[in-house]
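Student: Here's my sequence, what's the structure:
(chains A and B)
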Amino acid sequence: MTNLSSLVDLKNGTISREIFVNDEIFKQELGQIFSRAWLFIGHEDLVPNPDDYFVSRMGTDSVILTRDRQNKINVLLNSCMHRGMKVCRYDQGNTRAFTCPYHGWSYSTDGRLVEVPGELVGVPGFGPYYHEKLDKKNWGLIYCPKVVNYKGTIWATWDANAPDFLDYLGDMKVYLDAALDHRDGSPGGSEMIGGVQKWRVKCNWKFAPENFIGDMYHDISHRSVDLVGIGPSGGKGRRDKTIGRTTVSFDDLGHGIIGTLPYREEFPYQETFKNHPEIEDYLKEVYDRRLKNLGDRLRVNTSVGTIFPNMSFHGRQPRTIAVFHPISPTEMEMWRIFLVDRDSPQALKDAARHYYMRYSGPGGMTESDDLENWQYATEASAGHVARRYHYNYQMGMGYAEPVPELRGAWNNGEYSEGNARAYYKRYLEFMEGRDWDGLMAASRAHGEARSDA
Amino acid sequence: MLESQDAKLQELLLQREIEQFLFEEASLIDERRFKEWLELLTEDIRVYVPIVRNVRYDQAELERTKEFKDTCWVDEGKETLTQRVQQIATGLHWAEEPRSRTTHLLTNIRLAEISPDLSDPREVQVRLNFMLYRNRGQVETDFLVGKRFDRVRKVDGAWKVARREVHLDQSVLLAKNLTTFF
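Tutor: Numbering: from 1, shown residues only, chains lettered A, B, ... in the order given. Sure, this is the predicted structure:
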């Protein structure tokens, strides 16, 4: 195992290029991070009905997200226990059982028939060839011991000892809520627009969550789209201004955001769809409902954020979830799904969808330039001499202020690399192989969540 | 007999005319003469590239994400296409700076529908196959291959593209971004 402490130098704020290009370190990430951390699997709208399934990824593994007939959501390893064949090669669909096309072993998700998800129920030749001596109970599909549906987003971990998802999230929850909750402030209420964008990028997967966790500094990446202007209100710029924008990191958990500090009095109404008057009328009404629903309760705005290790989200406009699946040290598969309020008018859904697509994804006028930068940063970092040198993460070191309303949160200011340092601090803790007690001790020391957060 | 031969000849000439138009149009993209290219698009142009899913043999209707409803790779009109051309012209659009090299190969071109009729063709549905090759930097190479469903319309005596639906033969997009034009 590679000792990473000299490669991730948090004291000096520098990180070796090796962690972005090295094969051994990549394998270590799969074991220490992707086999243990809570990972984003998909959205419940991908499996709305009993027996629906959607094929997703966890690290380099193919997994199947299923909703069983008892409406329980499961995550199964998509590899037949007999010879490893993918038991499902469709992207999504509806089935009672997964039958392997190689030798015909079949696995059921029906909770009435089986004791565990994906139990082996059918083995051709069980009597004549196996002489009934195969212990079927031991040869079901591998399944995630912990799966959670959080406001429509599905998360899972391979590690039965992992803490509950809400502990893993900590007070980052309020920032995730700001993305998933209805714009009127009521809990949940977002739906996924159909279709998942999936594409390959020849960059190290960490460039993306690091970017979204709080990199306000990369404006030059997007100068071209800012000059043109693509927002639904016309004018220059790529998105609405977040009033009171700063970066907040959760240093003991590795999460972080660009957004606001917690506040209790709503900012004045801001027109976000000036080019669409009929949408503005609806949004003004939603804003009034929000004032009523939230009263003086604590709330935040999230522009973008990252939940360690590989899920990021945009909370306002665009409103989307991105996942960065590791393929190799120098390649990732990126996914994007887009969110809207389920009960919003079709005109808003259409306008939002068009805006999301011209902003994000491979065709996005903003994201396309990020992808170029991440790819060629990775390529240039793989050089033999280049690898000897560290990246610089020193911006704003020593200038963080605690956020009193949120446990373990630090306000790093609008332009800082504090959030990236928090991310790699967590990265190092996972990569060192700390157990969950060690991983969670610092955040648990902050105590229970506030009741109004 | 003669009448039908005339009709065939007329269709052949129309086919040739539209092929030449599409070749010239693609050339403007490959020569990066984007402003001139925009002139060949109608004001109500729609370019639509759905996402492809792996589905069962009998679920063709689920194979592509739905127009007007779902997420796609590309779903836009003249305003956004014009913005993309402006973006490239800033010289700061890193995804296309330095400039990519692209070549469109257009084949299997068929006229699917001529309206109102052959004697006065004002709008034509064209089906074709394409390969869009892009190379940039040193070794970055994309091959985008698929079918195109174009609608071309005669505006003030000249052909223009009114709609382009692109069916890519990739479910996971193997290009890191889509910053060129189909």
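Student: So in chain B, which helix runs the longest?
Tutor: In chain B, with assignment by DSSP state H, the single longest helix is helix B:2-30.
Student: For the following helix or strand past it, which helices and strands make contact with it?
Tutor: Under the assignment DSSP states H and E, the closest C-terminal helix or strand after helix B:2-30 is helix B:34-39. Under the contact criterion of 3 or more Cβ pairs under 8 Å, 6 or more residues apart in numbering or on different chains; DSSP states H and E, helix B:34-39 touches helix B:2-30, helix B:78-89. Heads up, the C-betas are built off the backbone N, CA and C, glycines and all.
Student: Please spell out which residues along the first one are buried.
Tutor: In other words, helix B:2-30. Neighbour counts over helix B:2-30 (16 or more other Cβ atoms under 10 Å in any protein chain shown) mark B:15, B:18, B:21-22, B:25-26, B:28-30 as buried.
Student: Which elements pack onto it?
Tutor: The elements that helix B:2-30 packs onto, with contact taken as 3+ Cβ pairs under 8 Å, 6+ apart, are helix B:34-39, strand B:101-117, strand B:120-136, strand B:140-155, strand B:158-168.
Student: Show the subsequent helix or strand relative to the first one.
Tutor: Spelled out, that is helix B:34-39. Helix B:34-39 is succeeded, C-terminally, by strand B:41-50 (DSSP H and E).
Student: Relative to that next one, what are the paired strands and their orientations?
Tutor: According to DSSP bridges, strand B:41-50 has the following sheet partners: strand B:72-76 (antiparallel), strand B:158-168 (parallel).
Student: out of those, nearest to A:Ile25?
Tutor: Checking these against A:Ile25 by Cβ to Cβ gives strand B:72-76 as the closest, at 32.8 Å.
Student: near chain B, which residues of the stretch 151-300 of chain A show up?
Tutor: A:193-202, A:220-221, A:223-225, A:227-230 (Cβ under 8 Å from any Cβ of the partner chain).
Student: Need the buried ones from those selected in ChimeraX.
Tutor: Of those, the buried ones can be selected in ChimeraX as follows, counting by 16+ other Cβ under 10 Å:
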select /A:193,194,195,196,197,198,199,200,201,202,221,223,224,225,227,228,230
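Student: about what we covered before: export the helices and strands packed on helix B:2-30 to JSON lines and append columns for distance to A:Pro117, mean neighbour count and mean pLDDT.
Tutor: As requested, these are arranged in JSON lines below (distance: least, Cβ to Cβ, whole Å; neighbours: other Cβ atoms under 10 Å in any protein chain shown; pLDDT from 0 to 100):
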{"stretch": "helix B:34-39", "distance to A:Pro117": "52", "mean neighbour count": "15", "mean pLDDT": "98"}
{"stretch": "strand B:101-117", "distance to A:Pro117": "47", "mean neighbour count": "14", "mean pLDDT": "97"}
{"stretch": "strand B:120-136", "distance to A:Pro117": "43", "mean neighbour count": "17", "mean pLDDT": "98"}
{"stretch": "strand B:140-155", "distance to A:Pro117": "38", "mean neighbour count": "17", "mean pLDDT": "98"}
{"stretch": "strand B:158-168", "distance to A:Pro117": "34", "mean neighbour count": "19", "mean pLDDT": "98"}
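Student: Any idea which of those gets closest to A:Arg316?
Tutor: Closest of these to A:Arg316 is strand B:158-168, at 30.4 Å (criterion: Cβ to Cβ).
Student: now the closest one, how far from the centre of its chain.
Tutor: 5 Å (Cα atoms, centre = their mean, to the nearest Å).
Student: With stretch B:160-177 instead?
Tutor: Distance of stretch B:160-177 from the chain centroid (Cα atoms, centre = their mean) equals 8 Å.
Student: got it, and stretch A:439-449?
Tutor: Worked out by Cα atoms, centre = their mean, stretch A:439-449 lies 22 Å from the chain centre.
Student: Excluding chain neighbours, what is closest to residue 71?
Tutor: Picking chain A for this. Once flanking residues are discounted, A:Asn71 sits nearest to A:Pro50: 6.5 Å by Cβ to Cβ, 6 or more residues apart in numbering or on different chains.
Student: Oops, wrong one, chain B.
Tutor: Leaving aside its sequence neighbours, B:Thr71 sits nearest to A:Gly195 (Cβ to Cβ, 6+ apart; 3.6 Å).
Student: Enumerate every residue touching the closest residue to A:Gly396 other than its chain neighbours.
Tutor: In space, and not counting its chain neighbours, A:Gly396 is closest to A:Ser416: 3.1 Å by Cβ to Cβ, 6+ apart. Neighbouring residues of A:Ser416 by Cβ atoms under 8 Å, 6 or more residues apart in numbering or on different chains: A:214, A:216, A:247, A:395-396, A:399-400.
Student: hey, which helix is longest across chain A?
Tutor: In chain A, assigned by DSSP H, the helix with the most residues is helix A:277-294.
Student: need the residues of the stretch 301-450 of chain A near chain B, please.
Tutor: Counting by Cβ under 8 Å from any Cβ, the stretch 301-450 of chain A sits next to chain B at A:333, A:336-338, A:350, A:353-354, A:356-358, A:361-363, A:365, A:367-369, A:371-373, A:375-376.
Student: Swap in 7 Å and give it another go.
Tutor: By Cβ under 7 Å from any Cβ of the partner chain, the part of the stretch 301-450 of chain A that sits against chain B consists of A:333, A:338, A:353-354, A:357-358, A:362-363, A:365, A:368-369, A:371-373, A:375.
Student: Now intersect those with the strands, please.
Tutor: Counting by DSSP state E, these place A:333, A:338 in strands.
Student: looking at the residues of the stretch 301-450 of chain A next to chain B, which has the most residues close by?
Tutor: A:Phe338 (28 neighbours; other Cβ atoms under 10 Å in any protein chain shown).
Student: if I pick the closest residue in space to B:Ser115 that isn't next to it in sequence, what's in contact with it?
Tutor: Using Cβ to Cβ, 6+ apart and skipping residues adjacent in sequence, the residue nearest B:Ser115 is B:Glu123, 4.8 Å away. Listed by Cβ atoms under 7 Å, 6 or more residues apart in numbering or on different chains, the contact partners of B:Glu123 are B:115, B:151, B:153.
Student: now, which of these sits nearest chain A?
Tutor: Distance to chain A across those (Cβ to the nearest Cβ) is lowest for B:Arg151, with 20.2 Å.
Student: so how far is B:Glu165 from the closest one?
Tutor: 9 Å (Cβ to Cβ, to the nearest Å).
Student: Go through the helices and strands packed on helix B:34-39 and name the closest to A:His314.
Tutor: Short answer: helix B:78-89, nearest of those by Cβ to Cβ, at 18.9 Å.
Student: So which elements touch that closest one?
Tutor: Other elements packing on helix B:78-89 under the criterion 3 or more Cβ pairs under 7 Å, 6 or more residues apart in numbering or on different chains; DSSP states H and E are helix A:223-228, helix B:34-39, strand B:41-50.
Student: quick one: that helix to chain centroid distance?
Tutor: For helix B:78-89, the separation from the chain centroid amounts to 16 Å (computed by Cα atoms, centre = their mean).
Student: now the angle between strand B:72-76 and that helix, please.
Tutor: Between the axis of helix B:78-89 and that of strand B:72-76 there is an angle of 100 degrees, by axes from the mean of the first three to the mean of the last three Cα atoms, to 10 degrees.
Student: can you pull the buried residues of helix B:78-89?
Tutor: Buried residues in helix B:78-89, counted by 16+ other Cβ under 10 Å: B:80-88.
Student: Can you give the contact residues for that helix?
Tutor: A:224-225, A:228, A:230, A:358, A:365, B:34-35, B:38, B:41, B:43, B:45, B:47, B:93, B:96.
Student: cutoff 10 Å now
Tutor: Here helix B:78-89 makes contact (Cβ atoms under 10 Å, 6 or more residues apart in numbering or on different chains) with A:223-230, A:275, A:354-355, A:357-358, A:363, A:365, A:368-369, B:32, B:34-35, B:37-38, B:41-47, B:74, B:76, B:93, B:95-97, B:99-100, B:179-181.
Student: likewise stretch A:269-284?
Tutor: Contacts of stretch A:269-284 (Cβ under 10 Å, 6+ apart): A:183-184, A:231-235, A:239-243, A:286-288, A:290-291, A:316-317, A:341, A:344-345, A:347-352, A:355, B:79.
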